[in-house]
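Student: make a model of this:
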Amino acid sequence: MLHRYFRQNGTHRHGGKIEWRGIHKLPELADIVINDRLLGALHACTSPDDPVLTGESDLQINTLSRWHKDIDQDGELKEHADRPNGWRVCKAAIYLQDQPADSKQALKVRPGSHRRRLGEVTQEVALGVRAGDVIMFDVRIDHAGQFPSWWDKSLRRLLMAGGRITKGDPESRFAAVRGALRALGGRVEDRMAIYLTFGSPNAATYAYEQVGRRNHGPVPADLDGEARSRLARWNVAMIGAAS
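Tutor: The predicted structure follows:
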């Protein structure tokens, strides 16, 4: 399903492709992803509150990463993120292939870094997953996926240099060229993941949703079909959805 979708859709970014608000554009995917086990896990993270979804539901394929947090520490969310209590915004990362802990693709996190500046905590842990596994983490934590290789960095520098004399976004060009070269190789397994952001129904979560709305536009529409019915049964709201 995602392979077919990404052939014609998605935005070239970070060396791969991303579809922001992805499950809203693929209702058949939403019906699979929004299941009882996932919704039970969301409740466990926000208990005793009922969780709310912020509308961030990114689909990604073959993206590269560096150490980062999923918030701007010095931006408008700072007053919420710096509070010892009251912040409970998390991300559910759903992996669609095996990624052993010793592989270069594995998710890496720095435990305890959610209350520190980026890079202040240096101890890291790699988390191995099997296809279908879900990892949930505070969006403030330092984390990284697959780092750019020497070849990736060289290709990006070359295209950035060329971008000074040609039109177009060099980041998009880098992702497109990297994708074309991967396709020519034909033997490298694609890496795909789905990311859902959720939290407790408080000021911090609503502020986070507002930032996402400005960055990626409003949520296209509320989910329908079986996914919507499951959300209602579990009392999980979708904030920011267009009517």
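Student: does G132 touch Q97 like I think?
Tutor: No: if you go by C-beta atoms under 8 Å, G132 and Q97 don't touch, sitting 9.3 Å apart. C-beta coordinates here come from the backbone N, C-alpha and C atoms, glycine included.
Student: these two: which is more packed in?
Tutor: Between G132 and Q97, Q97 has the larger neighbour count (other C-beta atoms under 10 Å), namely 14 against 10.
Student: so the closest residue in space to the more buried one that isn't next to it in sequence, which state does it fall into?
Tutor: Of all residues not flanking Q97 in the chain, A131 sits nearest, at 5.1 Å (C-beta to C-beta, 6 or more residues apart in numbering). At A131, secondary structure determined by DSSP: H, G, I helix; E, B strand; the rest coil is coil.
Student: got the contact list for A131?
Tutor: Applying C-beta atoms under 8 Å, 6 or more residues apart in numbering to A131 gives the contacts Y95, L96, Q97, D98.
Student: for D72, see how far away the first one is.
Tutor: So that's Y95. Going from Y95 to D72 by C-beta to C-beta, to the nearest Å gives 26 Å.
Student: who has more neighbours out of those two?
Tutor: Y95 (22 against 11).
Student: report the distance from the helix or strand where F137 lies to the chain centre.
Tutor: Assigned by DSSP states H and E, F137 falls within strand 134-138. Distance of strand 134-138 from the chain centroid (C-alpha atoms, centre = their mean, to the nearest Å) equals 11 Å.
Student: same for the helix or strand just after that strand, what does it pack against?
Tutor: Next in sequence after strand 134-138, counting helices and strands by DSSP H and E, comes strand 143-144. Secondary-structure packing of strand 143-144 (3 or more C-beta pairs under 8 Å, 6 or more residues apart in numbering; DSSP states H and E): strand 107-109.
Student: strands paired with the strand it packs on, and their directions?
Tutor: strand 125-127 (antiparallel), strand 143-144 (antiparallel) (DSSP bridges).
Student: could you identify which of those strands is most buried?
Tutor: strand 143-144 (a mean of 20; mean count of other C-beta atoms under 10 Å).
Student: can you list contacts of it?
Tutor: The contact list for strand 143-144, computed with C-beta under 8 Å, 6+ apart, reads S65, R66, W67, H68, K69, D70, L107, K108, V109, R110, F137.
Student: contacting residues around the last one?
Tutor: If I follow you right, that is F137. Taking C-beta under 8 Å, 6+ apart, we find F137 in contact with C90, K91, A93, V109, H143.
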